[in-house]
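**Q** need a structure here:
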Amino acid sequence: MTMNKDSRLKTHGTLPKDDSQLTRESWKIFQIMAEFVEGFERLAQVKPSVSVFGSARTAPDHPHYKLAEDISLALSNAGFAVISGGGPGIMEASNKGAFAGKSPSIGLNIQLPMEQAGNEYQDIGLNFRHFFSRKVMFVKYASAYVVLPGGFGTLDELAEILTLVQTNKTRRIPIILVVSDFWTGLIDWFKQTLVIEGTISAEDLDLFKILDKPQEVVDAIFDYYEHISFEPSEQEQEKLLEL
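**A** Next up, the predicted model:
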């Protein structure tokens, strides 16, 4: 059976959309704007903060859950607000640890068809429909990134911050990978493939460090900021405006 021109265009998605669809997409802009505005207003005064990442699928009886909880408690008691994805697994553990500490526990919740449901350990909870606006909030106010074992979402957040720092689109901050056994294979691939192929520089491996214990994480962050302020400089603030 042959197809006429209009049928072919429709199949390939090149026919103009009807007015109702265009109107719906145009109004979507305001929903996206609202997510950014609320995020900026509610997080701008929460300083300093550390963003903590890890799998949504980690069970409460898993050692990584307890590790995330202990790290976040240590960070909270050290004066850092802790920002997590607000869901279950490592995110819940992070919020739980921070909630028990002295500083705010913040959850950036995302609406998903599966897995994501907000945990109960949030002093401040924000809800997002869009990953991209949520990801800006993780970066914009963070003084450090702590990345525990996780899946695609965790790797996405890790790649995001590494890319932003590497390309000088955001300020340099500590990026700490926790649980060396989990990350060793990936880092070996970075060294043996990406560096050798020239897709990253050997110096890019200095953008992060791998640690295993809660106090090591806290100490590494304070060591980094020993001679500089947690507050972004004027030049760094300009970068953050362009995220």
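
**Q** mind listing the helices for the protein?
**A** Counting by DSSP state H, one finds helices in the chain at the ranges 5-11, 19-43, 63-77, 90-99, 131-140, 152-166, 180-189, 196-197, 214-224, 234-241.

**Q** what's the closest residue to residue 243 other than its chain neighbours in contact with, if anything?
**A** Closest residue to residue 243 apart from its sequence neighbours, by Cβ to Cβ, 6 or more residues apart in numbering: residue 136 at 5.4 Å. C-beta coordinates here come from the backbone N, C-alpha and C atoms, glycine included. Contact analysis of residue 136 by Cβ atoms under 8 Å, 6 or more residues apart in numbering lists 36, 39, 243.

**Q** what does residue 146 give?
**A** Counting by Cβ under 8 Å, 6+ apart, residue 146 has contacts 50, 51, 52, 53, 71, 75, 176, 178, 217.

**Q** again, only using 7 Å
**A** 50, 52, 71, 176, 178, 217 (Cβ atoms under 7 Å, 6 or more residues apart in numbering).

**Q** go through those residues and name the one nearest residue 230.
**A** residue 50 (10.4 Å; Cβ to Cβ).

**Q** give me the buried subset of the contacts of residue 136.
**A** 36, 39 (16 or more other Cβ atoms under 10 Å).

**Q** for residue 80, give its distance to residue 135.
**A** According to Cβ to Cβ, to the nearest Å, residue 80 and residue 135 sit 20 Å apart.

**Q** run through this protein and note the low-pLDDT ranges.
**A** 1-18, 113-117 (pLDDT under 70).

**Q** now do 90
**A** 1-47, 110-118, 127, 129-134, 232-234, 236-243 (pLDDT under 90).

**Q** still on that earlier bit, export the helices of the chain to CSV and tack on distance to residue 111?
**A** Output for the helices of the chain, formatted as CSV (distance: least, Cβ to Cβ, whole Å):
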stretch, distance to residue 111
helix 5-11, 31
helix 19-43, 11
helix 63-77, 23
helix 90-99, 14
helix 131-140, 10
helix 152-166, 14
helix 180-189, 28
helix 196-197, 38
helix 214-224, 30
helix 234-241, 26
